[in-house]
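Asks: attaching a predicted model along with its sequence, questions to come.
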Amino acid sequence: MNYSHAQQTNCTVKMKEIQGTYEGDCKDGKASGKGNAIGEDTYEGNFKNGYPDGTGKYIG
């Protein structure tokens, strides 16, 4: 797979509650793979197409 590690400026998180800072895997400009997103809420886990997907920890 073609993933790159990037900050939010190059990698979009689509879920409003966790938009802010993103560190993790990125594919086609969207959070995909393992990452950590911090906004109003926090999510650490798997992403797909910019959205939390599968296993992870959501703190609201």
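Replies: Arrived safely, thanks for sending. Every value quoted in this text rests on a predicted model; they were computed, and no experiment measured them.
Asks: mind checking pLDDT for Tyr3?
Replies: For Tyr3, the pLDDT comes out at 54.
Asks: beta partners for the residue nearest to the spatial centre of the chain?
Replies: In the chain, the C-alpha nearest the mean C-alpha coordinate belongs to Ala31, at 4.2 Å (C-alpha atoms, centre = their mean). With DSSP bridges as the criterion, Ala31 is bridged to Cys26.
Asks: contacting residues around it?
Replies: By C-beta atoms under 8 Å, 6 or more residues apart in numbering, the contact list for Ala31 reads 11-14, 22, 24-25, 37, 47, 50-51. Any C-beta I mention is one placed from the backbone N, CA and C, and that applies to glycine too.
Asks: same list, the residues you listed, but as a markdown table with pLDDT and distance to Lys57 please.
Replies: Shown next, in a markdown table, are the contacts of Ala31 (pLDDT from 0 to 100; distance: C-beta to C-beta, whole Å):
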| residue | pLDDT | distance to Lys57 |
| --- | --- | --- |
| Cys11 | 93 | 19 |
| Thr12 | 96 | 21 |
| Val13 | 97 | 15 |
| Lys14 | 97 | 18 |
| Tyr22 | 96 | 15 |
| Gly24 | 96 | 13 |
| Asp25 | 96 | 16 |
| Ala37 | 97 | 11 |
| Phe47 | 98 | 13 |
| Gly50 | 98 | 18 |
| Tyr51 | 98 | 15 |
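Asks: so which of these is the closest to Ile59?
Replies: Ala37 (10.9 Å; C-beta to C-beta).
Asks: for the chain, which spans come out with low pLDDT?
Replies: Flagging of the chain using pLDDT under 70 yields the residue ranges 1-9.
Asks: which parts of it are strands?
Replies: Secondary structure of the chain, counting by DSSP state E: strands at 4-7, 21-27, 30-38, 42-48, 51-59.
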